[in-house]
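Undergrad: Structure here, sequence nowhere to be found:
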């Protein structure tokens, strides 16, 4: 029986209108308030970020990806160097995923687009074979063959040493039929058992494990998966796999999945970080989110702002070339406090890396401010009102 | 007569063995001790640097390049945005060059290699015509024709608003004969007069101007140039142009040039920043240096260290893959205080930008520490001894 002596999740406030809730997630590397956002340090570094940024923007938790790190620098080297926290120089809570998502979706072009169903491509070319044993794939780095099994995924995540780890699953994309989704989900449940067994074998109290709910867009399968994963001794749950073709379907899938998940455990929504998706997810009871989007769009010149189209502003646009205003007058980040839009525009035009860096800082701060606003609203019993206000600009 | 009411250079200590000297250079944006190193923010940003780095590494002064900024974002936009200091978010002393160096050397491949004579290529392809009036060239950004004259260079530098600016010159490369070098030098002197006239026309006390000594590797020409520039009302001097084919010749050129420069004015050695070159330059009486090398090599994985071959360590080398030691145990920068060599190696292997950033921080701090060591040694009357010690590792 899996045991998490150094972890606890306290629900401190429940919204009266919605499923939104305030919580505190305790880990050996400190506690974080939920709802919260997990920033992606995919290869053990925030892309285009700097060493002091996470502190400045008040990040509470970051994640790294098992798939990338098992190939470079390898779990064994991270372990030898004292684990991910020490390697990265981050002493707050950390999360690693199981590697499944990347293995099953790389090769589809944009991973997120495929899983979200907005792109129709053939099956992953670096994925060689899926069997009951695990997934065989070729490394994107050098073409070497690898086999990732539930046991190996948990072993890697143990060596990496994040506080929060994830059971190994098959992440089914949108473009597979219900029959495939059902068979895959049942294998994910068998893999969940193997993940739990491997977790128990090495459990020293330093880590807690999330079980992943699959089942695609099918309500009956999601219910079966949610009930099954809830019945097993996971510390928390993650909602994964395809959430549908559009936002409406995603909200539906999340909504009917959440009904069957054990309400006292934390729930993470994998790979979702759109501003409206976060408000909706919180209203459905989601506790944590992660997404590469805030940092990825920063590298392409997009700043997150409340009033922009799709909450974004393109700093490459020539209308900013002589705009002396701060990027976002509402924001307290060092980018907004120090620089003009004209300067940011110049950096992107000139191909200076610092443009990507400064927008990365802003977009990350935008996310922590958004989640702070959401938590405060729940605390103040005005979540629904705050949500309406947020969008009324 | 050019007048610099808000600038002053005080020589506070003279070494007894060498021409090395300690000074304080006062500008409207504060004072800096010399000898010192000027970091290159070529396009108004330290490449791969972050906004808080300059403060951390205790930089005293930075420079930007007229050539790059006149094309993007343009001097007019920087002026409209309140000048370079405000644009960049830097309130300490700043320097801009005249644009000549880049116009006359871009297109040769590596600018520095050509001017230093280590590369033999044909004449610049973006440079269209040099006449008494000025230099006609095509913008590297969009191919547009531009004419840069002494008047325009000073006008641009005035709009940019750095504290320390430079007269417009023709920067002669190594592979031209003495006759060309002599004729070019005389034109540079006529351009110096035009630069002074334009400077005086708009002088509001906010800037001080450097005159550039040309003359190639020829002692008689360098003497003529040094005496001429010293006789004109420049605030300071800069030694430019070709310094020869190797370090021995460079040291000779600097040595015989320095004899004829007015000793009470600050002297800048343009584009030189090798560790041994700095010790030698200081011993010859040079007060400031600039070079892209510390930040450029960082982006290629090279860290400056005292004990390495050519004072460098290549973090891409696989021997660092599981090295838990800090990059440089002697260094107090955040990179060395926080991360292992294994982590830095990983970041370069993984293609993570943060590797470039962390080495940039370290290399910049290495330079400020080097110059601090040199100043302390002069203060303590042990420059020659300290120089010997520095290299005895």
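TA: Arrived safely, thanks for sending. The structure displayed is predicted, hence computed values, not measured ones.
Undergrad: Pull out the buried residues from stretch A:85-93.
TA: A:85-90, A:92-93 (16 or more other Cβ atoms under 10 Å in any protein chain shown). (Each C-beta comes from the backbone N, C-alpha and C, glycine too.)
Undergrad: Is there proximity between the helix or strand residue A:296 falls within and chain B?
TA: Under the criterion of DSSP states H and E, residue A:296 resides in helix A:293-299. No: using Cβ under 8 Å from any Cβ of the partner chain, helix A:293-299 never reaches chain B; the gap is at least 8.9 Å.
Undergrad: what's the average pLDDT for that helix?
TA: On average, the pLDDT along helix A:293-299 is 98.
Undergrad: tell me what it is packed against?
TA: Helix A:293-299 sits against strand A:36-40, helix A:353-379, with contacts defined as 3 or more Cβ pairs under 8 Å, 6 or more residues apart in numbering or on different chains; DSSP states H and E.
Undergrad: Tell me how many other residues crowd residue A:376.
TA: When neighbours are defined as other Cβ atoms under 10 Å in any protein chain shown, residue A:376 has 13 of them.
Undergrad: Skipping adjacent residues, who's closest to it in space?
TA: residue A:386 (7.8 Å; Cβ to Cβ, 6 or more residues apart in numbering or on different chains).
Undergrad: picking up where we left off before, okay if I get the helices and strands packed on helix A:293-299 as TSV plus mean pLDDT and distance to residue A:294?
TA: Below are the helices and strands packed on helix A:293-299 laid out as TSV (pLDDT from 0 to 100; distance: least, Cβ to Cβ, whole Å):
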stretch	mean pLDDT	distance to residue A:294
strand A:36-40	98	8
helix A:353-379	98	4
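Undergrad: any chance of these in CSV, with distance to residue B:241 too?
TA: Listed next are the helices and strands packed on helix A:293-299 as CSV, based on distance: least, Cβ to Cβ, whole Å:
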stretch, distance to residue B:241
strand A:36-40, 49
helix A:353-379, 31
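Undergrad: check which helix or strand covers residue A:137.
TA: Short version, using DSSP H and E: residue A:137 is in strand A:135-138.
Undergrad: Beyond that strand, next helix or strand please.
TA: Past strand A:135-138, the next helix or strand by DSSP H and E is strand A:145-148.
Undergrad: and the helix or strand just after that next one, what other elements does it pack with?
TA: Downstream of strand A:145-148, the next assigned helix or strand under DSSP H and E is helix A:150-160. Packing contacts for helix A:150-160, counted by 3+ Cβ pairs under 8 Å, 6+ apart, involve helix A:66-71, helix A:75-80, strand A:164-166, helix A:178-202.
Undergrad: which strands and helices sit next to the third one?
TA: Strand A:164-166 is packed against strand A:94-96, helix A:150-160, strand A:208-213, with contacts defined by 3+ Cβ pairs under 8 Å, 6+ apart.
Undergrad: contacts for the next helix or strand after the last one?
TA: Heading C-terminal from strand A:208-213, the first helix or strand you meet, by DSSP H and E, is helix A:219-231. Judged by Cβ atoms under 8 Å, 6 or more residues apart in numbering or on different chains, the contacts made with helix A:219-231 from elsewhere in the structure are A:178, A:181-182, A:185, A:188-189, A:192, A:211-216, A:237, A:253, A:256-262, A:265.
Undergrad: Of all the residues in stretch A:163-182, which ones are buried?
TA: Applying 16+ other Cβ under 10 Å to stretch A:163-182 flags A:163-175, A:181-182 as buried.
Undergrad: where's residue A:261 relative to chain B, distance?
TA: 35 Å (Cβ to the nearest Cβ, to the nearest Å).
Undergrad: Likewise for residue A:77?
TA: Distance of residue A:77 to chain B, given as Cβ to the nearest Cβ: 5 Å.
Undergrad: OK, contacts around that residue?
TA: B:321-322, B:342, B:346.
Undergrad: quick check: domain ranges of chain A?
TA: Under the assignment automatic domain parsing, the domains of chain A span A:8-32+A:59-291, A:299-377.
Undergrad: Now distance to residue B:245 too, for the ones you listed, in JSON lines please.
TA: JSON lines is the format used below for the domains of chain A (distance: least, Cβ to Cβ, whole Å):
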{"stretch": "domain A:8-32+A:59-291", "distance to residue B:245": "42"}
{"stretch": "domain A:299-377", "distance to residue B:245": "33"}
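Undergrad: Please name whichever of those domains is nearest to residue A:53.
TA: Closest approach to residue A:53 among the domains of chain A (Cβ to Cβ): domain A:299-377, 5.2 Å.
Undergrad: Pretty sure residue A:96 sits against residue A:83.
TA: No: in this structure, residue A:96 is not within contact of residue A:83 by Cβ atoms under 8 Å, at 10.9 Å.
Undergrad: which neighbours do the two share?
TA: residue A:160.
Undergrad: higher neighbour count, the two?
TA: residue A:96 (25 against 18).
Undergrad: List the residues that contact the residue nearest to that one when sequence neighbours are not counted.
TA: Spatial nearest neighbour of residue A:96, excluding adjacent residues (Cβ to Cβ, 6+ apart): residue A:162 at 4.2 Å. Neighbour list for residue A:162: A:63-64, A:84-85, A:94-96, A:207 [criterion: Cβ under 8 Å, 6+ apart].
Undergrad: Can you give me the distance of residue A:162 to residue A:208?
TA: 10 Å (Cβ to Cβ, to the nearest Å).
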